[in-house]
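K.L.:
predicted coordinates and the sequence they were generated for:
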Amino acid sequence: QAVTLSVLMYPVLRSLALQLHSAVTGSYVSGTHSIAFINCLNEQIAKDIARAIMDKKLAAYVNILPKSSALYFWKGELEESTEILLLVKTRTSKVGELSSYVRSIHPFEIPEIISLPIDQGNPLYLKWIGESVPRD
């Protein structure tokens, strides 16, 4: 039982150790923050979703990228459209809440909401993300 408990506790203990190390040394822990990609039908919807995300303090920063062409299969048919891409910088711990919230306000039946952890970057910028997005 002790072995099972220690194996199950390892991720929690590792996370706490990394947070402590980060607090003591001021260094960034890889994966603490993420960038989420969200596609929108048009610029107005993109701006509305970006503002809603910011109002909820679910992100530190949202880029709204101009139109891009998209090809995808939907209900068995090849579709082509133009979309606006949001790049959302946030805490990794907020990605689930961000995804749920965006799904509740997005007009697409199945909106694209994917994220990648941030491995490295400007330490001052990464610190600013952490300061701008409240902890859970």
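P.N.:
Received, thanks.

K.L.:
give me the low-pLDDT residue ranges for the protein?
P.N.:
For the chain, the stretches flagged by pLDDT under 70 are 1-12, 14-23, 25.

K.L.:
how's it carved up into domains?
P.N.:
Per the TED database, the structural domains of the chain span 1-30, 31-132.

K.L.:
how distant is the last one from the center of its chain?
P.N.:
Put simply, domain 31-132 sits 7 Å off its chain's centre (C-alpha atoms, centre = their mean, to the nearest Å).

K.L.:
quick one: contacts for the residue nearest the centre of the chain?
P.N.:
Centroid check for the chain by C-alpha atoms, centre = their mean gives A36 as the closest residue, at 3.6 Å. Counting by C-beta atoms under 8 Å, 6 or more residues apart in numbering, A36 touches A59, L86, L87, V88, T90, V95, L98, S99, I113, I114, S115. Backbone N, C-alpha and C define where each C-beta goes, glycine included.

K.L.:
ok, S34 next?
P.N.:
K89, T90, R91, T92, V95, S115, L116, P117, I118.

K.L.:
do I have it right that D119 meets G31?
P.N.:
Yes: between D119 and G31 there is a contact under C-beta atoms under 8 Å: 7.1 Å.

K.L.:
ok so, going back, which of the domains of the chain sits most buried?
P.N.:
Of all the domains of the chain, domain 31-132 has the most neighbours on average by mean count of other C-beta atoms under 10 Å, namely a mean of 15.

K.L.:
show me the strands in the protein, by range?
P.N.:
Under the criterion DSSP state E, the chain contains strands at 33-40, 61-74, 77-91, 113-117.

K.L.:
what are the pairing partners of the third one, and which direction each?
P.N.:
Think strand 77-91. strand 33-40 (antiparallel), strand 61-74 (antiparallel) (DSSP bridges).

K.L.:
what comes into contact with it?
P.N.:
32-43, 45-46, 49-50, 53, 58-73, 98, 118, 129-130, 133, 135.

K.L.:
likewise for the last one?
P.N.:
Residues external to strand 113-117 that are found in contact with it (C-beta under 8 Å, 6+ apart): 30-31, 33-38, 92, 95, 98-99, 102-103, 106.

K.L.:
over to stretch 121-135?
P.N.:
26-28, 32-33, 57-61, 89-91, 93-94, 118.
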